[in-house]
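[1] Turn this into a model:
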Amino acid sequence: MAVLPLSIATGPYDRVAALRLGDIEPEGIVLDYHAQVPVHGIFVAMAEREAWDASEMSLALYTVKRARALAGGEPFPFTAIPVFPSRVFRHGNIFINRQAGISTPKDLEGKRIGIQEYRQSAGIWIRGILRDEYGVDTETIRWVEGGVNEPRKPTASDIRPDREVDITELKRGSTLSEALAAGEIDAIIAARQPTSSKTSEDVVRLFPEYRDAERAYFEKTGIFPIMHTLVIRDAVYKENPWVAKSLFNAFEVSKAKAADLLAYTGAMVVMTPWLHDAVDEMNAVFNGDA
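    Numbering: from 1, shown residues only. A predicted model of the protein is given here:
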């Protein structure tokens with residue numbers, strides 16, 4: 001089998017480091033690896049101009065665009081494989097203004113809540129958790145789209161809901177963080193944490209003990225929310241279908257290598273003072289497979 005050169009882009013995570021640095025090579029493939037944060041730019045470049053042969057992609061963006069393409073809509077020429085570069089619990093990503101009269105999830109009903117984009121994976125997960133676990137009627141919420149800590153710049157890959165949803169845009173040049181601190185909105189549900197949570201006494205988490213809530217959610221449901229997946233351009237996949245398995249296997253090996261490195265007790269490989277306690281907790285909760 002000839003070696004196939006393949007360009008790829010993801011965030012610079014520990015679980016992909018062995019692949020990114022060339023310590024692990026996918027069978028039959030030579031990777032040209034690009035890594036960056038924030039990773040949203042990768043999604044946009046891939047969705048709008050097929051910038052790489054394979055890349056990390058927002059799970060929500062992929063599933064919505066792919067479903068619409070299969071239903072006869074605008075083409076979205078990518079195939080996802082079960083590699084999930086980003087999985088994040090989201091109870092800790094609900095911030096409120098304490099003056100808004102919100103003390104429980106149900107109190108979010110009827111409120112003005114800031115979001116980065118309605119279809120954002122983090123927001124979809126949070127809305128589902130609020131509905132399924134706390135009985136929140138999210139249809140009553142008035143959504144306000146904007147950038148969390150920087151003004152939002154809409155892109156051609158933005159997705160609008162097919163049905164009527166109460167969504168307005170934040171005023172130009174403003175941020176959700178500023179609006180929450182000023183009481184112009186009542187809460188924020190987003191992937192990023194508002195900087196005002198560090199500067200305003202009124203901006204706090206809805207779930208102060210969010211780690212306990214997230215652990216309880218996992219123990220109840222077995223779900224560790226998936227934010228991003230890995231996609232391959234259809235043109236590459238259809239001509240070389242074997243690359244899917246090769247990439248999957250390589251990412252699995254890279255993840256295992258990262259886990260072994262985190263567990264190394266001779267020194268701490270990341271700047272987390274209680275890393276080894278965190279690794280022990282992770283292994284206990286996830287049975288060694290986070």
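[2] make it CA atoms for all contacts and neighbour counts henceforth
    OK.
[3] The residue nearest the centre of the chain in helix, strand or coil?
    Central residue check for the chain by CA atoms, centre = their mean: the C-alpha nearest the mean position is that of Met227, 3.4 Å away. Assigned with DSSP: H, G, I helix; E, B strand; the rest coil, Met227 falls in the strand class.
[4] same thing with the one 5 residues further on?
    At Ile232 the chain is in strand, as set by three-state DSSP.
[5] Next, count neighbours for it.
    Per other CA atoms under 10 Å, the neighbour tally for Ile232 reads 26.
[6] Kindly report the same for Asp277.
    When neighbours are counted by other CA under 10 Å, Asp277 registers 12.
[7] and the residue nearest to the centre of the chain, what is it in contact with?
    58-60, 84, 86-88, 121-122 (CA atoms under 8 Å, 6 or more residues apart in numbering).
[8] just Val37 next, same as before
    Each residue near Val37 by CA under 8 Å, 6+ apart is listed here: 11-12.
[9] Now do it against Asp277, distance only.
    27 Å (CA to CA, to the nearest Å).
[10] Tyr217 now?
    21 Å.
[11] List the contacts of stretch 92-103.
    Contacts for stretch 92-103 (CA under 8 Å, 6+ apart): 107-108, 180-181, 183, 185-194, 197, 202-208, 210-211.
[12] Any of the residues you listed buried? List them.
    Neighbour counting by 16 or more other CA atoms under 10 Å classes 108, 180-181, 183, 185-191, 193-194, 197, 202-207, 210 among the contacts of stretch 92-103 as buried.
[13] Okay, now the unreliable bits of this protein?
    Residues of the chain that meet the criterion pLDDT under 70 lie in 1, 156-157.
[14] okay, now the domains of it?
    For the chain, the domain assignment from automatic domain parsing gives the residue ranges 4-88+226-286, 91-221.
[15] Determine how far the last residue of the last one lies from the first.
    End-to-end span of domain 91-221 (CA to CA): 14 Å.
[16] what's the answer for stretch 78-97, then?
    Its start and end residues considered, stretch 78-97 measures 40 Å (CA to CA).
[17] Spatially nearest residue to Thr229, not counting backbone neighbours?
    Distance criterion CA to CA, 6 or more residues apart in numbering; nearest residue to Thr229, sequence neighbours excluded, is Phe84 at 4.5 Å.
[18] dump the residue contacts of the residue lying closest to Ile94 once chain neighbours are set aside.
    In space, and not counting its chain neighbours, Ile94 is closest to Ile189: 4.9 Å by CA to CA, 6+ apart. Ile189 makes contact with 93-95, 113-116, 123, 126, according to CA under 8 Å, 6+ apart.
[19] Most neighbours among these, which one?
    In terms of neighbours by other CA under 10 Å, the contacts of Ile189 top out with Gly114 at 33 neighbours.
[20] in which helix or strand would I find it?
    strand 112-115 (DSSP states H and E).
[21] Ile96 falls within a strand, correct?
    Yes - assessed by three-state DSSP, Ile96 belongs to a strand.
[22] For the closest residue to it other than its chain neighbours, name its beta-bridge partners.
    Leaving aside its chain neighbours, Ile96 sits nearest to Ala187 (4.1 Å; criterion: CA to CA, 6+ apart). According to DSSP bridges, the residues that bridge with Ala187 are Ile96, Ile113.
[23] In this model Glu178 seems to touch Ala187, though I could be wrong.
    No - at 11.3 Å, Ala187 and Glu178 do not qualify as touching, with contact defined as CA atoms under 8 Å.
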